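Undergrad: pasting the structure only:
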């Protein structure tokens, strides 16, 4: 093997290792299970599961599947600020629009709900969790507790999608369904 082939082989090996590890440090990979476990436990203790027709185990599996694709440092945000992550079957109802996520910035019980159809979560749930964590982690004022925000996917000309957030009061769909302005917690099950 000549020098260029060795460099190429090293690059391919490193790229494959990075892809497999998700480019997270060994420390982050090791602690990710515990972060996910804490977030799921919080979700199971607070979120309304009465609508879930397949039960708690399917809910837990769907949430864990989404959280596994989120960076550990972004998961830290949800624990640091005690933001509950709920899977929300209301978002899969076409009458409630095409929102993938809603952020409820209650100072006592902040929450983010993710699209859920009772079987699996959104294919973009991890994108919304990472985007929200990044936005608030880099905001010098922390979480803005004033405005409920709805999240939806936007495609660019190349077909790539990215999460976008908008003030929920700008959405006629949310304004016509005020129950969507209430986090899907078990004590709010009257929505």
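TA: Nice, thanks for sending it over. Predicted model only: the values in this text are computed from it and were never measured.
Undergrad: Would you mind finding the longest helix in this protein?
TA: Secondary structure of the chain per DSSP state H: the longest helix is helix 26-46.
Undergrad: Name the nearest residue to the spatially most central residue of the chain, sequence neighbours excluded.
TA: By Cα atoms, centre = their mean, the mean C-alpha position of the chain lies nearest to residue 129, the distance being 3.1 Å. Among residues not flanking residue 129 along the chain, residue 70 sits closest, at 5.0 Å (Cβ to Cβ, 6 or more residues apart in numbering). For glycine as for every other residue, the C-beta is placed from the backbone atoms N, C-alpha and C.
Undergrad: With residue 110 instead?
TA: Per Cβ to Cβ, 6+ apart, closest to residue 110 is residue 83, 4.5 Å.
Undergrad: That neighbour against residue 112, yeah?
TA: Yes - with contacts counted by Cβ atoms under 8 Å, residue 83 reaches residue 112, the gap being 6.0 Å.
Undergrad: pretty sure residue 90 is touching residue 182, no?
TA: No - look at residue 90 against residue 182 with Cβ under 8 Å: they stay out of range, at 9.8 Å.
Undergrad: Between the two, which is the more surrounded one?
TA: Neighbour tally, residue 90 and residue 182, criterion other Cβ atoms under 10 Å: the higher count belongs to residue 90, 20 against 17.
Undergrad: What's the separation between that one and residue 181?
TA: Using Cβ to Cβ, to the nearest Å, residue 90 is found at 11 Å from residue 181.
Undergrad: same question, residue 110
TA: Distance of residue 110 to residue 181, computed by Cβ to Cβ: 14 Å.
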